[in-house]
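J.: give me the fold of what follows.
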Amino acid sequence: MTATAAAVRSDDLIQRDVLAELSWAAEVHATGIGVSVSDGVVTLTGQVDGAARRWAAQRCAHRVRGVRAVADQIEVRPPGPVEVTDGDLAIAAVRALDWDSFVPAERLDVTVSAGWVMLRGEVEFGWQRRTAEAELRRLRGVRGVTNLVEVRPDTPSDNDRIRRDVQRALLRGIGTERVTVEVHDGGAVVLGGVVRSGWERDQAERIAWSTGGVRAVRDRLLVGG
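T.: Next comes the predicted model:
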């Protein structure tokens, strides 16, 4: 057996580890979630009582070594009668953004329909966009979030500086030189190359979004050995 073949984890082993990760994560409540794996691609099925648990389940699966991608087919079903109206949810969403000191709530607009939250507006940094979405996913009654927030840096983008900053942050954060970084006009970052896990892929995207001057991130990373 070659070293490459030995490094590839079987679907059965990945399935076992994903189930164990879901059971270990207290925020998931994994009793209603099913897991199947084919060629390293994990499919999550079943139902949970909120978008926050669905999001947590996705992240659990991505953390497992050998997972190449995750197909999320989990249904969000709030328990019992639906008590949270769209109006209640809209008020809670606005308050959550107002109370987060890292999010410029005055530059964001929230629309709620049938428990689904639409987020629009502009922010200066990519991490503010991600933080705002995370705040809304945690709210009780949210079925999902569509994030249409645009990143518009207040200072002109310097492509060479952005590329160097992203590459250095990647080395600090995930310790790999196998990720390539291209920056196109307007601060659009393209990530290429290979990472070792879905978790590293998520971290690489987070690092790119957190870099000053970045307006967009295109993820072309492959998950490999």
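
J.: please identify the buried residues of stretch 59-78?
T.: Along stretch 59-78, these residues count as buried under the neighbour rule (16 or more other C-beta atoms under 10 Å): 59-68, 70, 74, 76, 78. All C-beta spots, glycine's among them, are computed from the backbone N, C-alpha and C.

J.: which secondary structure element is home to the most centrally placed residue in the chain?
T.: Closest residue to the average C-alpha location of the chain: residue 202 at 6.5 Å, with C-alpha atoms, centre = their mean. Counting by DSSP states H and E, the element that carries residue 202 is helix 198-210.

J.: ok, back up a step: contact partners for the residue nearest to the centre of the chain?
T.: Going by C-beta atoms under 8 Å, 6 or more residues apart in numbering, residue 202 touches 59, 62.

J.: tell me the predicted confidence for it.
T.: pLDDT for residue 202: 87.

J.: with residue 6 instead?
T.: 41.

J.: repeat for the one 5 residues further on
T.: Among the per-residue scores, residue 11 shows a pLDDT of 91.

J.: show me what whichever helix or strand comes after the helix holding residue 202 is packed against.
T.: Later in the chain than helix 198-210, the nearest helix or strand by DSSP H and E is strand 216-219. Contact here means 3 or more C-beta pairs under 8 Å, 6 or more residues apart in numbering; DSSP states H and E; on that basis strand 216-219 packs against strand 188-195, helix 198-210.

J.: name the stretch among those that sits most buried.
T.: Mean neighbour count (mean count of other C-beta atoms under 10 Å) peaks for helix 198-210 among those, with a mean of 21.

J.: one step back: closest to residue 17 among the buried residues of stretch 59-78?
T.: Minimum distance to residue 17 across the buried residues of stretch 59-78 is 4.7 Å, recorded for residue 64 (C-beta to C-beta).

J.: pretty sure that closest one is touching residue 22, no?
T.: No. Residue 64 is beyond contact range of residue 22, at 9.6 Å (criterion: C-beta atoms under 8 Å).
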